[in-house]
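A.B. asks: Here's my sequence, what's the structure:
(one chain, ligands or ions: 1)
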Amino acid sequence: MKPSIPSRRALIVAAGASLLPLRSSLAAGLVATPPQTEGPFYPTSFPADMDNDLVQVRGQAAQAMGTVLHLEGRVLDLNGRPVEGALVEIWQCDAQGLYNHPRQPGRERRDSAFQGYGRMLAAADGRYSFRALKPVAYPGRTPHIHFKVATASGGLLTSQFYIAGEPGNERDGVFRGAVRDPRQRERVEMKLAPAPGLEAGALATTMDIVVG
Ligand SMILES: [Fe+2]
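C.D. replies: Presented below is the predicted three-dimensional model:
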C-alpha cells in the first residue's frame, strides 16, 4: 500500500503547532501596544450589523468602496500568552475619509455600504481577524484604524494602527505622541502585503495586540 503523504497544508499546520511553545517562551517581556486617544468618532450608536466584516453590510448587495485589508493577529499579554475572550473593536472612516458619526461633516455623503465599525471576541489562542479597508488620510490625520480591546479581567486598551512607510505618520501628532520607543512602532505600524490567496486585489497584515 502506498504510504499516505500529508498535504502541504497539514505540514504547515503541524510546523506552526510545533513552534508555538517556543514562540511563547521567546516572547516573554513583549513591548506593550502603546495607548492612544479614542478620538471623536467612536460610534454613538452601533450598526445593526457589527460583525468582523466591515466591507459587507448584511442585507446589502454592494461592497464598500476602497481597498480591502485583512487585518488579523493575536491579543497577547506581556508574557506572550494569548488573552482569550478579549473583546476587540475596530472603527475607521470610509474610502472618502468620512466616519459614520454625528460629528462628521458631510456624513450624508458617506459610503452606506461600509460598516465602519466591527467587533469580535478573541479566540482561545488570542486570535482576532477583521475584513477592513486600507485606511485613507483625512484632513489633519495620517491613515489609521482605531481599535479598542477589553479583556475579561477588566483591562482596557484604546489605540490606533497606521500604515508602515506612510510619510504622514511622522507629521501626525497622535502617532508622534504614542511612539516614544522605536520598539513601539511595530505594535502600531501595519506592514501591508498583497493577499491574492485570500481575496483578489486585497491586502493583508498581521498585528499582535499586546496588553499590559
Ligand atoms: Fe480617526
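A.B. asks: who's in contact with the spatially most central residue of the chain?
C.D. replies: Most central in the chain under C-alpha atoms, centre = their mean is L71, positioned 4.5 Å from the mean C-alpha point. If you count contacts by C-beta atoms under 8 Å, 6 or more residues apart in numbering, L71 has them with I90, S129, F130, R131, A132, I145, F161, M190, A204, T205, M207. Heads up, the C-betas are built off the backbone N, CA and C, glycines and all.
A.B. asks: again, only using 7 Å
C.D. replies: Going by C-beta atoms under 7 Å, 6 or more residues apart in numbering, L71 touches S129, F130, A132, I145, T205, M207.
A.B. asks: so where does it fall, helix or strand?
C.D. replies: Element membership of L71, judged by DSSP states H and E, is strand 68-77.
A.B. asks: For F175, what are phi and psi?
C.D. replies: phi -60, psi -50 (degrees, to the nearest 10).
A.B. asks: neighbours of the residue lying closest to it once chain neighbours are set aside, just the number please.
C.D. replies: Counting by C-beta to C-beta, 6 or more residues apart in numbering, N169 is the residue found nearest to F175 once chain neighbours are left out, at 4.9 Å. N169 has 20 neighbours, counted by other C-beta atoms under 10 Å.
A.B. asks: in the protein, which ranges drop under the pLDDT threshold?
C.D. replies: 1-28 (pLDDT under 70).
A.B. asks: again, only this time at 50
C.D. replies: 1-4, 6, 8-27 (pLDDT under 50).
A.B. asks: hey, C-alpha coordinates of stretch 57-70 in PDB?
C.D. replies: Only the C-alpha atoms of stretch 57-70 are listed here, as PDB (Å, rounded to 0.1, in the frame of the first residue of the first chain):
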ATOM      1  CA  VAL A  57     -23.100  45.100   5.400                       C
ATOM      2  CA  ARG A  58     -25.700  42.300   5.900                       C
ATOM      3  CA  GLY A  59     -28.600  42.700   3.500                       C
ATOM      4  CA  GLN A  60     -26.800  44.900   1.000                       C
ATOM      5  CA  ALA A  61     -25.600  43.600  -2.300                       C
ATOM      6  CA  ALA A  62     -22.900  46.300  -2.800                       C
ATOM      7  CA  GLN A  63     -19.500  46.000  -1.200                       C
ATOM      8  CA  ALA A  64     -17.800  49.000   0.400                       C
ATOM      9  CA  MET A  65     -15.600  51.200  -1.800                       C
ATOM     10  CA  GLY A  66     -11.800  51.100  -1.200                       C
ATOM     11  CA  THR A  67      -9.100  48.500  -0.900                       C
ATOM     12  CA  VAL A  68      -9.900  45.500   1.300                       C
ATOM     13  CA  LEU A  69      -7.400  44.900   4.100                       C
ATOM     14  CA  HIS A  70      -7.500  41.600   6.000                       C
END
